[in-house]
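> coords please:
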Amino acid sequence: LLRSLEFFAGFGDVELWEVVHRARWQRFKYGHALYKRGQEGNTFHIVAQGAVDVYREGNRVAQLGAGTSVGEMAYLAPNPELRRHSADVLVTAPTTTVSFTPETLEQLSVGTRHLFDKAFIRVLVRRLHAAHEQLAAHAQVQDRRASFGLQQQVLGATTDLADALARGESLMFEGAQGAM
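Model prediction:
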């Protein structure tokens with residue numbers, strides 16, 4: 001099973017044996033909260049089977065399936081303030097996870113821990129890239145909205161000028177008349 005999970009790409013037989021024997025295998029029912037926002041993080045899970053949704057402020061921001069990890073941000077954080085989960089993670093289908101605590105991860109060989117580090121880096125880079133893409137898309141939407149707003153202002157001013165001309169009003173602005 002572990003061989004088929006993206007997180008464990010690059011792990012050899014010996015490293016997978018360590019994972020199987022050191023990890024905590026857990027099963028969760030639909031609706032179970034793996035993490036709640038604000039809760040201190042002391043574990044991370046790798047979804048072996050099933051699915052979870054990630055919610056931030058009541059909005060679903062991600063759907064994660066087999067081979068993905070959750071909780072690693074709080075787990076890897078360098079200080080207690082950053083170890084708090086920033087989202088709710090809810091099980092959306094019967095799910096089996098492989099979980100680790102700092103203590104169980106320390107029991108792994110240096111080589112296996114190094115492979116975990118590489119896997120975490122892959123996960124975090126992928127998530128950082130996705131966040132960057134979302135920000136870029138959001139900025140484009142904001143630019144379009146600003147451009148549309150400017151177009152509306154120009155259209156409104158043009159309409160006002162056309163109406164003034166139709167009424168035969170002068171287009172001279174105060175102060176401009178004295179300069180002429």
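> so for whichever strand or helix holds Arg113, what's the average pLDDT?
Assigned by DSSP states H and E, Arg113 belongs to helix 110-166. Helix 110-166 comes out with an average pLDDT of 75.
> Look at Leu16 and report its pLDDT.
Leu16 carries a pLDDT value of 94.
> Now do the contacts for it.
Going by C-beta atoms under 8 Å, 6 or more residues apart in numbering, Leu16 touches Leu2, Arg3, Phe8. C-beta: built from backbone N, CA, C; applies to glycine.
> helix, strand or coil for it?
Secondary structure assignment for Leu16 (DSSP: H, G, I helix; E, B strand; the rest coil): helix.
> Also the one 4 residues further on?
Three-state assignment for Val20 (three-state DSSP): helix.
> Now do it against Glu6, distance only.
Separation of Val20 from Glu6 (C-beta to C-beta, to the nearest Å) stands at 17 Å.
> Who has more neighbours out of the two?
Glu6 (15 against 12; other C-beta atoms under 10 Å).
> Go ahead and confirm Ser86 touches Glu57.
No - under the criterion of C-beta atoms under 8 Å, Ser86 makes no contact with Glu57, lying 10.0 Å away.
> which one of the two has more residues nearby?
Applying other C-beta under 10 Å to Ser86 and Glu57 shows that Ser86 carries more neighbours, namely 14 against 9.
> Any idea how many residues pack against the nearest residue to that one once chain neighbours are set aside?
Leaving aside its chain neighbours, Ser86 sits nearest to Arg37 (6.4 Å; criterion: C-beta to C-beta, 6 or more residues apart in numbering). Applying other C-beta under 10 Å, we find 14 residues neighbouring Arg37.
> Check what pLDDT Arg37 gets.
92.
> Can you tell me how far it is from Glu133?
24 Å.
> cool, and Gln107?
37 Å.
> Mind checking which of those two has more residues around it?
Between Gln107 and Glu133, Gln107 has the larger neighbour count (other C-beta under 10 Å), namely 13 against 10.
> OK, contacts around the more buried one?
The contact partners of Gln107, taken as C-beta under 8 Å, 6+ apart, are Arg22.
> I am finished for the moment; much appreciated.
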